[in-house]
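Student: Provided below are the primary sequence and the corresponding predicted coordinates.
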Amino acid sequence: MFELVRKEKRGGISYELELADDLWMVSVDPSQLSQALINILTNAVEAIGNEVGALTVKTYNEVREDEWECQTHVRLAAGPYVHVEIADTGPGIPREALGRIFEPYYSTKFIGRGLGLAATLGIIRNHQGCVDVESSKEGGTVFHIYLPKAVAKSSAAGVDDLFDL
């Protein structure tokens, strides 16, 4: 999947993949999760455009000690989560748009349909996870996806398996 986005290489975008060696398994539909990640990665590449920039994907295990709420208004239980972090050095998402990026049909692009991030949010929520985003003009945008660690190995998949090296 990462190779698919790399083929869209524009300008001077560098790509970095930092996958945890001991990443926990998660209970997901691999094709749906792939689509969610591709939506975010595609937006990141488009944000950087033909400029010099970087796109970084990191994965790691994270244990949350307390119940918590994502920016997308989902409450999650304390416990173990796989954290996928997708960061770009693009111009950032304008503050007035940040609260709307997950709305269906909302787009800042002239030819955008505004369905990618709405679909991404739905996919992650359907897998009992959540999405947070932070953005600034100085530092680009970072999406954080949290997926609960699988309890049964029979339905588990590895997030790192989605990234073709």
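Tutor: Thanks, I have it.
Student: Val131: which element?
Tutor: strand 130-136 (DSSP states H and E).
Student: That strand: which residues count as buried?
Tutor: By neighbour count with 16 or more other C-beta atoms under 10 Å, strand 130-136 contains the buried residues 130-133, 135. For every residue, glycine as well, the C-beta is placed using N, CA and C.
Student: a markdown table for these, including pLDDT and distance to Leu76?
Tutor: Listed next are the buried residues of strand 130-136 as a markdown table, based on pLDDT from 0 to 100; distance: C-beta to C-beta, whole Å:
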| residue | pLDDT | distance to Leu76 |
| --- | --- | --- |
| Cys130 | 96 | 6 |
| Val131 | 96 | 11 |
| Asp132 | 95 | 11 |
| Val133 | 96 | 16 |
| Ser135 | 94 | 22 |
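Student: Looking at those residues, spot the one nearest Ile124.
Tutor: Nearest to Ile124 among those is Val131, at 5.1 Å by C-beta to C-beta.
Student: partner residues bridging that closest one?
Tutor: Here Val131 sits in beta bridges with Ile145, as judged by DSSP bridges.
Student: Off-centre distance for the strand holding Val131?
Tutor: Put simply, strand 130-136 sits 9 Å off its chain's centre (C-alpha atoms, centre = their mean, to the nearest Å).
Student: Gln71: neighbouring residues, count only.
Tutor: The number of residues packed near Gln71 is 14, by other C-beta atoms under 10 Å.
Student: same question, Leu41
Tutor: 23.
Student: pretty sure it is in a helix, no?
Tutor: Yes. Under DSSP: H, G, I helix; E, B strand; the rest coil, Leu41 falls within a helix.
Student: Which secondary structure elements does the lengthiest strand in the chain sit against?
Tutor: For the chain, the strand with the greatest residue count under DSSP state E is strand 52-64. Strand 52-64 is packed against strand 12-18, helix 30-48, strand 79-88, with contacts defined by 3 or more C-beta pairs under 8 Å, 6 or more residues apart in numbering; DSSP states H and E.
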